[in-house]
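Visitor: okay, sequence plus prediction incoming.
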Amino acid sequence: MNRMQRSIVVVAILLIMAPGLASAIRKGRLVGRVLDPEGNPVSGVTVTATSDEVPGGFHEIFTTDKKGVFKVDFETVNVVYKYKFEKVGYVTVLTEQNWRKDGTARHEFVIYPGDTPQVDSAPPPTTSSPAIAAFNSGVAL
């Protein structure tokens, strides 16, 4: 067998093995889309995906594109993944999904407009003891 034939055999073996190696890394993929109540895509939503059931833990953060789309790749199936959707001007949404599928699935998530939290606003008045009020005043300073 000459050098050219050996090279062709090696390349053929690598081509056969490549899909198997790629699928070993990713068992599942979620293609999610974040929409408002009218069905319009919402861009710039921060999506945090976590799972305590995955060995070593799973924690990934994504941002939706202009079409409201994000993609999550999973290495572990048959576990529960938790999602948190956050964007200023919208109510934060928490949801869970029991992922049982090898391959790709598509899902739409709806977030609702809400009040934007005021960072510089004063804390609500307290009816608790004076010690707590003094502590809160110290924190404000």
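Guide: Alright, I've got the coordinates. Numbers count the residues shown, from 1 in each chain.
Visitor: for His107, give the beta-bridge partners.
Guide: Gly32 (DSSP bridges).
Visitor: need the contact list for it.
Guide: 30-33, 97 (CB atoms under 8 Å, 6 or more residues apart in numbering). Where you see a C-beta, it was placed from the backbone N, CA and C, and this is true even at glycine.
Visitor: poorly predicted segments of the chain, please.
Guide: Along the chain, the parts satisfying pLDDT under 70 run over 1, 9-15, 17-26, 115-129, 141.
Visitor: give me that answer again for 80
Guide: Within the chain, the segments meeting pLDDT under 80 span 1-26, 99, 101, 115-141.
Visitor: which stretches of it form strands?
Guide: Remark: strands assigned in the chain by DSSP state E are 28-35, 46-51, 58-63, 69-74, 79-86, 93-99, 103-110.
Visitor: and Ser7, which of those is closest to it?
Guide: strand 69-74 (32.7 Å; CB to CB).
Visitor: quick one, the closest one and strand 93-99 angle?
Guide: Going by axes from the mean of the first three to the mean of the last three CA atoms, to 10 degrees, strand 69-74 is angled at 40 degrees with respect to strand 93-99.
Visitor: for strand 69-74, which strands pair with it and how are they oriented?
Guide: Neighbouring strands of strand 69-74 in its sheet, by DSSP bridges, are strand 28-35 (antiparallel).
Visitor: any idea how far the strand it pairs with is from the chain center?
Guide: Offset of strand 28-35 from its chain centre (CA atoms, centre = their mean, to the nearest Å): 9 Å.
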